[in-house]
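*Asks:* Provided below are the primary sequence and the corresponding predicted coordinates.
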Amino acid sequence: MSADFLYGIEVVINGLMAGVMYALVALGFVLIFKASGIFNYAQGVMALFAALTLVGVMEGQVPFSHLINAVFGTEIHHFGWTVPAFAAILVTLGVMIFFAWAVHTFVFRHLVGQEPIILFMATIGLAYFLEGVGDLMWGSDIKTLAVGLPQGGSLFVEDLTAGLGGDDFYGFFIDKLDMVATLVAIVLVAALIGFAQYTKQGRAMRAVADDHQAALSVGISLNYIWVLVWSLAGLVALVAGVMWGAKSGVQFSLSLIALKALPVLMLGGFTSIPGAIVGGLIIGVGEKLFEYMIGPMIGGATENWFAYVLALIFLVFRPQGLFGEKIIERV
Amino acid sequence: MLYREAGDFKTTYKADSQTFPIAFDRWRYWAVLAVAWLVIPFVINDYWANAILVPFLIYAIAAIGLNILTGYCGQVSLGTGGFMAVGAYACYKLMTSFPDVSMLVHILLAGGITAIVGAAFGLPSLRIKGFYLAVATLAAQFFLVWLFNKVSWFYNYSASGQINAPERFVFGHAVTGANTTPAAQYLICLLFVTGCALLARNLTRGTIGRSWMAIRDMDIAAEIIGVDPLKAKLTAFAVSSFFIGISGALFFAVYLGAVEVGEAFGINKSFLVLFMCIIGGLGSLFGSFAGAAFLVLLPVALKVLGVDVLGWPTQIVSHLQLVVVGGLIMFFLIKEPHGLAQMWRHIKEKLRLWPFPY
């Protein structure tokens, strides 16, 4: 096999792994959208916030220390302890659950029954709010997230595959972190599907997604389910935040992964978990291949828009996405 | 007491269908115009022009444009930043290619070019609706910004990748470049704001505006009663982009003078203009002005309060600003989904009865 072809395969593999990361973010969107009809633009900022909180807790930072110092003229920054990663993840999860409760109680409970587009704009507001709160709480400098995930390329895979090509081929370069992320994503999706299928809460969740009023009439508490769903989205955001944060540092650009997840959702359909995964894989492979093959001809950096244009062209032919429910309009 | 329909008799159809049916509103309108045109240009200084008035006027045009698309025609767009960039780069290319033509023509032509681009990106709206469309307009945002970054023809092959506005004149006064007086900056923006507002007001209460609103309220029903969705949606995209293009051209040429596309016309600009429309009130021209004024004044007010009065670091104040803006968006959507314009309507209702409510 020629080296060029093998490098093409390497691009596809890396694209698949990037796609898994996109799917991870898209999952959070799908969960909330199915259960409450809210298209949660703040999902990316939630991932950023979760990662910031995790780093802050691990390093023992004092929350809002910059604000406190500015108001009272004090000089406090750290509690002076560090928290092990596992405990810190639990604390962060607690914070995300509290956040889910607060978001539901103070914002979205008052917006029930509004048009979807109003809800969408409210989540944009929420994204700004949460970003500001995250920066105020933990500071806006770039942080590194060290929870013990492996970094760098995998030598094992590289050595194993080096023999496939000729002399100019040195084996596949595959990031260890991407491999871990793929595993985690698979486990997470399996766990979510299991939760939705086999537990009482999961069944209630699916009932709410199916029909609010019918669910309400058989005694399912909508408030409880919505808080639960936002908490699950918080959990997904935490996982996505840890993976992306370990990959590229915890900083503002982390919240932009929401923008990466949007075309994934359009492609896969807003209501389908398999859609989010397949859409993520298509976008991941598509944008990497496009950048590899056509990118150099037109100036590169096509990854910013390719996913959107692909999704746009796709939607013109299938307006509800790959796996979305058929849109039926009545007058 | 003064704010009454009573006693103001309309004897012609023209008088009956005028924009401001209440006499007090008409006086107020002329008074605002008189102050804006005859008083402010003589008292304006550099700080007021650059920090408040010029950005307010420019964003008001952009907000009017987006309000036509989102508020009147119901098509949510997140591509405003990209379309402003089209206006800015079209204006730049025209300014450098035809240096002798008046700046007013360039700005209008820049709006026209943006209208064509906008209509092209509006084509998918015939198939895609709601959220899917909102996300699809992001394609315009990212693609256009990338295009202006990568294709060097657009910035005349300058090494920095920036575009810089050369000095141009209107009636012998510099309106772009380093020697522009604050009054000239202000007046050219005011000219376009007045023109755009008049145009928008008269479009939205005519046939075409009614067909936009029919599409917004329910597109299938509108189609059944004979509104052509192709025509209505594409004209909404074109007219909206025309205004947004003008505001982009003014933003680049008159206000900033030098622009780097990713920084000035990024996705944050799209959201900012959308927020202006929401806070001001969707489907209301007054709302576009109110929203633009609010979001231009808010950072200035917060900065004055936080940095100058309380002495906090600017970084913290800018974070607080995010919290406040985000919180206000949610607050408005919960308490008053129709924005500042709706509050103004309530005040007017109260004023009609004041001071003797029954």
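*Replies:* Yep, it's here. Numbering: from 1, shown residues only, chains lettered A, B, ... in the order given.
*Asks:* for the rest of this, base every contact and every neighbour count on C-alpha atoms.
*Replies:* Will do.
*Asks:* low-confidence ranges, the chain, go.
*Replies:* Reading this off chain A. The model of chain A has pLDDT under 70 over residues A:1-2, A:147-149, A:151-155, A:157-171, A:331.
*Asks:* actually, chain B is the one I wanted.
*Replies:* B:1, B:358.
*Asks:* quick check, central residue of it?
*Replies:* In chain B, the centroid-proximal residue (Cα atoms, centre = their mean) is residue B:62; its distance is 2.2 Å.
*Asks:* for the spatially closest residue to that residue that is not a sequence neighbour, list the residues it contacts.
*Replies:* Sequence neighbours aside, residue B:244 is the residue nearest to residue B:62 in space, at 4.6 Å (criterion: Cα to Cα, 6 or more residues apart in numbering or on different chains). Residues in contact with residue B:244 (Cα atoms under 8 Å, 6 or more residues apart in numbering or on different chains) are B:61-63, B:65-66, B:80, B:83-84, B:87, B:111, B:114.
*Asks:* adding distance to residue A:240 and secondary structure, write these out as TSV.
*Replies:* Listed next are the contacts of residue B:244 as TSV, based on distance: Cα to Cα, whole Å; DSSP: H, G, I helix; E, B strand; the rest coil:
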residue	distance to residue A:240	secondary structure
B:61	39	helix
B:62	36	helix
B:63	35	helix
B:65	37	helix
B:66	34	helix
B:80	29	helix
B:83	32	helix
B:84	33	helix
B:87	38	helix
B:111	42	helix
B:114	38	helix
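*Asks:* follow-up on the earlier one: how far away is the residue nearest to the centre of chain B from chain A?
*Replies:* 18 Å (Cα to the nearest Cα, to the nearest Å).
*Asks:* how about residue B:113?
*Replies:* Note on residue B:113: its distance to chain A, by Cα to the nearest Cα, is 21 Å.
*Asks:* for the host helix or strand of that residue, the distance to its chain's centre please.
*Replies:* Following DSSP states H and E, one finds residue B:113 within helix B:103-122. On the basis of Cα atoms, centre = their mean, to the nearest Å, helix B:103-122 sits 15 Å off its chain's mean C-alpha point.
*Asks:* returning to what we had before: quick one: contacts for the residue nearest to the centre of chain B?
*Replies:* By Cα under 8 Å, 6+ apart, the neighbours of residue B:62 are B:243-244, B:246-248, B:273.
*Asks:* closest to chain A among those?
*Replies:* The closest of the contacts of residue B:62 to chain A turns out to be residue B:273 (Cα to the nearest Cα; 12.4 Å).
*Asks:* where does the closest one fall, helix, sheet strand or coil?
*Replies:* At residue B:273 the chain is in helix, as set by DSSP: H, G, I helix; E, B strand; the rest coil.
*Asks:* skipping adjacent residues, who's closest to it in space?
*Replies:* Once flanking residues are discounted, residue B:273 sits nearest to residue B:63: 5.7 Å by Cα to Cα, 6+ apart.
*Asks:* isn't that neighbour right up against residue B:274?
*Replies:* Yes. The criterion here is Cα atoms under 8 Å, and residue B:63 meets it with residue B:274 at 7.4 Å.
*Asks:* who's more crowded, these two?
*Replies:* Set residue B:63 next to residue B:274 and count neighbours by other Cα atoms under 10 Å in any protein chain shown: residue B:63 wins out with 34 against 26.
*Asks:* quick one: residues contacting the more buried one.
*Replies:* Contacts of residue B:63 by Cα under 8 Å, 6+ apart are B:244, B:273-274, B:276-277, B:288-289, B:291-292.
*Asks:* who in chain A is up against chain B?
*Replies:* Contact residues, chain A versus chain B (Cα under 8 Å from any Cα of the partner chain): A:66-67, A:70-71, A:107, A:110-111, A:117-118, A:122-133, A:135-136, A:262-263, A:266, A:299, A:301-302, A:304-305, A:308-309, A:311-312, A:315-316, A:319, A:331.
*Asks:* got a PyMOL select line for the buried ones in those residues?
*Replies:* Selection command for PyMOL covering only the buried members of the residues of chain A next to chain B, criterion 16 or more other Cα atoms under 10 Å in any protein chain shown:
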select buried, chain A and resi 66+67+70+107+111+117+118+122+123+124+125+126+127+128+129+130+131+132+133+135+136+262+263+266+302+304+305+308+309+311+312+315+316+319
